[in-house]
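Participant: quick one, structure for this:
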Amino acid sequence: MSKGKNNNSETCVYNRKVEGSDSEMESDSSCCIEESKKKNNCKYVSYECEHILFFSSFQLSLAFMFSIYCKFYYLAILNAGLFITSVLHWRKPELGLRRTVDIIMMAINLLIHAFFSFSINSLCVFIWVSAGSLLIMFYFVGKKFSYNSYSTIYHLLIHTIGNATALAIYYISREKIIDYS
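Facilitator: Numbering: from 1, shown residues only. Next up, the predicted model:
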């Protein structure tokens, strides 16, 4: 493990291998644990990964705008909430309340989109289930890489696939509404 510094000059531990003595890394680890107990937050991604994921959060605004365009206002509220919590979390990613709220908002968004997909047609359900399977796979593969640049790529794919899935479901359901009006 190596140590990394955040902007507040707190010492936190990232899961990477570098040269250094074990006692040095243990003292850095215990320091992070002590500081984490004091402030109950600790950065868990590097500076570069933080910025990549912060900027990738802005693609969530596309689902928000398209849901407004398609007049799915209740989904627009959920998409706005997910967009806001994602941007707030990835602006300064730390373990804590903002991360927990972001994860809860994502879970609520997934469930509501599942109900919405089931109410439209089987194609929407297929898209949702396929994307959900990919998202789960990418999550666990990214977790295997333990918060390094590879896990960032997988998390970026999670953002992109989730956004593309929402756009596809909205497009299909908009076409269905046009056909029946």
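
Participant: check the offset of the top helix by length along the chain from the chain's centre.
Facilitator: Using DSSP state H, we find that the single longest helix of the chain is helix 149-180. Chain-centre distance of helix 149-180: 14 Å, with CA atoms, centre = their mean, to the nearest Å.

Participant: before we move on, what about stretch 42-50?
Facilitator: 13 Å.

Participant: buried set for the longest helix of the chain?
Facilitator: 151-159, 161-163, 165-167, 169-170, 172-174 (16 or more other CB atoms under 10 Å). Placement of C-beta: from N, CA and C, glycine included.

Participant: can you name every helix or strand that that helix contacts?
Facilitator: Applying 3 or more CB pairs under 8 Å, 6 or more residues apart in numbering; DSSP states H and E, one finds that helix 149-180 contacts helix 47-56, helix 60-69, helix 73-91, helix 97-120, helix 122-144.

Participant: buried ones in the last one?
Facilitator: Within helix 122-144, the residues that qualify as buried are 124, 127-128, 131-132, 135, 138, 142, counting by 16+ other CB under 10 Å.

Participant: and which of those residues is nearest to residue 93?
Facilitator: When the buried residues of helix 122-144 are ranked by distance to residue 93 (CB to CB), residue 142 comes first, at 14.0 Å.

Participant: and the closest residue to that closest one other than its chain neighbours, what does it touch?
Facilitator: Closest residue to residue 142 in three dimensions, ignoring its sequence neighbours and counting by CB to CB, 6 or more residues apart in numbering: residue 154, at 3.2 Å. For residue 154, the residues meeting the contact criterion (CB atoms under 8 Å, 6 or more residues apart in numbering) are 138-139, 141-142, 145.

Participant: ok, residue 105 touching residue 81?
Facilitator: Yes. Between residue 105 and residue 81 a contact is recorded at 5.3 Å, counting by CB atoms under 8 Å.

Participant: quickly list the domain ranges of the chain.
Facilitator: Residue ranges for each domain of the chain read 2-39, 47-180, as given by automatic domain parsing.
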